[in-house]
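Colleague: this one's structure only:
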């Protein structure tokens, strides 16, 4: 099958909106501001449309409304309906996971978007090869996304959304940050994609003349109103119709934006009224001989009447066509042929129809027309054998027809199925496992998050072990030993809460892009990150605690070690939950500050610096919401509870006050502590932080 059929668009979707109004609340004022003021427009399939206008004109607002990002404060009619799932949105900034190559990123996107049950892995790789080749990314397929240039990142963003072949593609400022050559290549690529039947809409700011002429339609906004809706070639004539003459050798796009910006006086009202004439969209097409029917004056009158009944008077502008062999206006000075000429034309048509029907009847006797095309399209039909064809033709015309079966060689694909048909996304359960695999791969490739953190854990644990020595068994060092336990709690808490705060702000744009374009649901991604991060926290905490436990000569009893380790693990996971929550509520700077302050407060109410019964009664409740208090109490109970024997009192010491382990518990007011209750309280806080983090993340993605 021809590779170009891989991106053959099945659906042609036109976007139509009218009386579109968008209002926002003005802070500190009891009023609303109208951003869009009853605009109307149509973006057709097979066309590349540019939304232009000065800053504050409403370009981004219109784009967000059409894509569905903005829903509140919107009124009017938008005809796109359930086709929203067939749309793709490419945001202005290109965000990718930096540790994946271009090919890996494409393959992950294809796996998340298309189920393996309808398209095999080999077919997905074929589709990826075709997309990379079409978008000139073949040479960079093994390059990490962090090392791509601006133009390459933009083409990769387009390639990712083309995997499931959307019928409508929205792009926000696709040329921002690109040089002139890359900008032209990007818009030229979009024009080619539009020619295949897609509806492509993008916002753009001050395009060059070459780029401007690549668009099929230009939709200009000024102060929330449409001031031009037509082809780039009609821009100068349109402005001339309202008395604005574009200077020679001046970019029409720049002049149009200057007029919309009010550089030549407030022309918004005049331009908005003139823009209601839909012929600016068609006249140039007629001159170029495109297959578009120019509207009649009656249609124009009806259109203008519907726009502003009884007010708009449309004057037909006569366009003088130059540089043509004949200067006749082809849309006017026409007359029908005589009836004698029509007679011979009809005779010729009847003869052609008669002989054509006979030829079709003969050709229809070949049953291969039933099978070959199905084979090329990948339908589930078995092609006939040569024997079957011979028998069929013999029965149709015995002894006369000889049929030779043409063998169709299908290259570059194991199966020739049309990948843009009969495809459906994988289930959320499958996506969950795919995202878990992606998160694990990202984790192991991020050496800062993995190897550096693990190395620091090992180094710090060894350092603490050397520093405290035999504090676990020496009766004279038990206050120091409890201090070491507190250090373990604070270290694990702080080294976990900070990465948690920074995790989602670094990925928020990627998550927003992928969830909005229906790669997966947010809850699926969130659950995948929890499933991925939890074993990591368990492993890191185990390594850190095990080294410190053995080096400080703690009691070598399995039940005590397991309880000690379990307490450290759950408080680590709790710190991650709080960190994720803070990271989804605050920006990274404020989040790290609040994380440090909250750690200090939890340490203050942990029961180590000040005993619980010494805390003022009005502030004592803070101790019962501090995870560090429950973790510290559990770890102390694990080492000194359950009728532990006497500790070693050095011969050089005359008296050891903490020779009995229960004395340590009494000293810190923990002799009545309940291990199971403390674990339960930490688990409840983990659940609260995780649930709150999900809803705050969901809110942040929707609001930004």
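Modeller: Thanks, I have it. Predicted, not measured: the structure shown is a model, and the values here were computed from it.

Colleague: how close does residue 498 get to residue 588?
Modeller: 10 Å (C-beta to C-beta, to the nearest Å). Any C-beta I mention is one placed from the backbone N, CA and C, and that applies to glycine too.

Colleague: between these two, who's got more neighbours?
Modeller: residue 498 (20 against 15; other C-beta atoms under 10 Å).

Colleague: flag every buried residue along the helix or strand that one falls within.
Modeller: Element membership for residue 498 (DSSP states H and E) is helix 478-516. Neighbour counts over helix 478-516 (16 or more other C-beta atoms under 10 Å) mark 478, 481-482, 484-505, 507-509, 511-516 as buried.

Colleague: test my guess that residue 109 contacts residue 518.
Modeller: No: assessed by C-beta atoms under 8 Å, residue 109 is found out of contact with residue 518, at 11.5 Å.

Colleague: okay, the two: which has more neighbours?
Modeller: Comparing residue 109 with residue 518 by other C-beta under 10 Å, the one with more neighbours is residue 109, at 22 against 17.

Colleague: contacts only, for that one.
Modeller: By C-beta atoms under 8 Å, 6 or more residues apart in numbering, the contact list for residue 109 reads 160, 163, 519.

Colleague: confidence score at it?
Modeller: Model confidence at residue 109, given as pLDDT, is 89.

Colleague: the inter-axis angle of the helix or strand containing it versus helix 478-516?
Modeller: Assigned by DSSP H and E, residue 109 belongs to helix 102-113. Computed by axes from the mean of the first three to the mean of the last three C-alpha atoms, to 10 degrees, the angle separating helix 102-113 from helix 478-516 equals 80 degrees.

Colleague: by how many degrees do the very next helix or strand once past helix 102-113 and helix 102-113 diverge?
Modeller: Later in the chain than helix 102-113, the nearest helix or strand by DSSP H and E is helix 121-134. Angle of helix 121-134 versus helix 102-113, following the same axes, to 10 degrees, is 130 degrees.

Colleague: can you list the buried residues in helix 121-134?
Modeller: By 16+ other C-beta under 10 Å, the buried positions in helix 121-134 come out as 123-124, 126-132, 134.

Colleague: just stretch 587-601 next, same as before
Modeller: Within stretch 587-601, the residues scored as buried using 16+ other C-beta under 10 Å are 591-592, 594-595, 598-599.

Colleague: contacts for it next, please.
Modeller: Contacts of stretch 587-601 with the rest of the structure, by C-beta under 8 Å, 6+ apart, involve 490, 493-494, 497-498, 501-502, 505, 578-579, 582-583, 585-586, 622, 626.

Colleague: mind running it again at 10 Å?
Modeller: The contact list for stretch 587-601 (C-beta atoms under 10 Å, 6 or more residues apart in numbering) reads 490, 493-494, 497-498, 500-502, 504-506, 575, 578-579, 581-586, 622, 625-626, 628.

Colleague: again, but for stretch 447-457
Modeller: Against stretch 447-457 from outside (C-beta under 10 Å, 6+ apart): 99, 442-444, 446, 491-492, 495-496, 499, 503, 536, 539-545, 547-548.

Colleague: figure out the length between the terminal residues of that stretch.
Modeller: Taking C-alpha to C-alpha, to the nearest Å, stretch 447-457 runs 14 Å from one end to the other.

Colleague: buried stuff in that stretch?
Modeller: Buried-residue list, stretch 447-457, by 16+ other C-beta under 10 Å: 449, 453-454, 457.

Colleague: which neighbours do residue 498 and residue 588 have in common?
Modeller: If you check residue 498 and residue 588 against C-beta under 10 Å, 6+ apart, the residues they both contact are residue 582.

Colleague: show me what contacts the nearest residue to residue 144 once chain neighbours are set aside?
Modeller: Ranked by C-beta to C-beta, 6 or more residues apart in numbering and with sequence neighbours excluded, the top spatial neighbour of residue 144 is residue 101, at 5.6 Å. Residue 101 sits next to 107, 140-145, 147-148 when contact means C-beta under 10 Å, 6+ apart.

Colleague: just the residues you listed now: which is nearest residue 700?
Modeller: Nearest to residue 700 among those is residue 145, at 23.4 Å by C-beta to C-beta.

Colleague: quick one: the closest one and residue 94 touch, right?
Modeller: Yes: using C-beta atoms under 10 Å, residue 145 is in contact with residue 94, at 8.8 Å.

Colleague: can you list the domain ranges for the chain.
Modeller: Listed domain ranges for the chain are 45-69+84-292, 428-703 (source: automatic domain parsing).

Colleague: where does pLDDT dip in the chain?
Modeller: For the chain, applying pLDDT under 70 flags the ranges 1-11, 28-29, 81-83, 265, 277-279, 281-424, 704.

Colleague: distance from the centroid: which residue in it tops it?
Modeller: Distance from the C-alpha centroid of the chain, by C-alpha atoms, centre = their mean, peaks at residue 654 (70.5 Å).

Colleague: just checking, that residue is part of a strand?
Modeller: No: judged by DSSP: H, G, I helix; E, B strand; the rest coil, residue 654 forms no part of a strand; its state is coil.

Colleague: and it, how far is that from residue 476?
Modeller: Noted for residue 654: a distance of 11 Å to residue 476, by C-beta to C-beta.

Colleague: overlap of the contact sets of residue 145 and residue 94?
Modeller: 152-153, 156.

Colleague: now the most centrally placed residue in the chain, nearest residue through space, not along the chain?
Modeller: Taking C-alpha atoms, centre = their mean, the centroid of the chain lies closest to residue 513, which sits 1.6 Å from it. Spatially, and ignoring its direct neighbours in sequence, residue 513 is nearest to residue 91 (5.9 Å; C-beta to C-beta, 6+ apart).

Colleague: just checking, that neighbour touches residue 173?
Modeller: Yes: Residue 91 lies in contact with residue 173 (C-beta under 10 Å); the separation is 8.8 Å.

Colleague: what's the overlap in contacts for those two?
Modeller: The contact sets of residue 91 and residue 173 overlap at residue 63 (C-beta under 10 Å, 6+ apart).

Colleague: closest one of the buried residues of helix 121-134 to residue 680?
Modeller: Within those, distances to residue 680 taken as C-beta to C-beta reach their minimum at residue 124, with 46.5 Å.

Colleague: any idea how far residue 67 is from residue 219?
Modeller: Residue 67 sits 15 Å away from residue 219, taking C-beta to C-beta as the criterion.

Colleague: could you do residue 274 as well?
Modeller: Plainly put, residue 274 is 14 Å away from residue 219 if you go by C-beta to C-beta.

Colleague: for residue 104, same thing?
Modeller: For residue 104 relative to residue 219 (C-beta to C-beta), the value is 37 Å.

Colleague: what's the answer for residue 630, then?
Modeller: For residue 630 relative to residue 219 (C-beta to C-beta), the value is 60 Å.

Colleague: pretty sure residue 151 is in a helix, no?
Modeller: Yes: counting by three-state DSSP, residue 151 falls inside a helix.

Colleague: nearest spatial neighbour of it, skipping sequence neighbours?
Modeller: residue 182 is the one closest to residue 151 (C-beta to C-beta, 6+ apart), at 3.5 Å.

Colleague: okay, and that neighbour sits in which element?
Modeller: Using DSSP H and E, residue 182 maps to helix 180-195.

Colleague: list the buried residues for that helix?
Modeller: 182-187, 189-191, 193-194.

Colleague: break down the stretch 551-700 of the chain into its strands, ranges please.
Modeller: With DSSP state E, counting those that start in this stretch, there are no strands along the stretch 551-700 of the chain.

Colleague: name the SS class of residue 38, please.
Modeller: On the three-state scheme (three-state DSSP), residue 38 is labelled strand.
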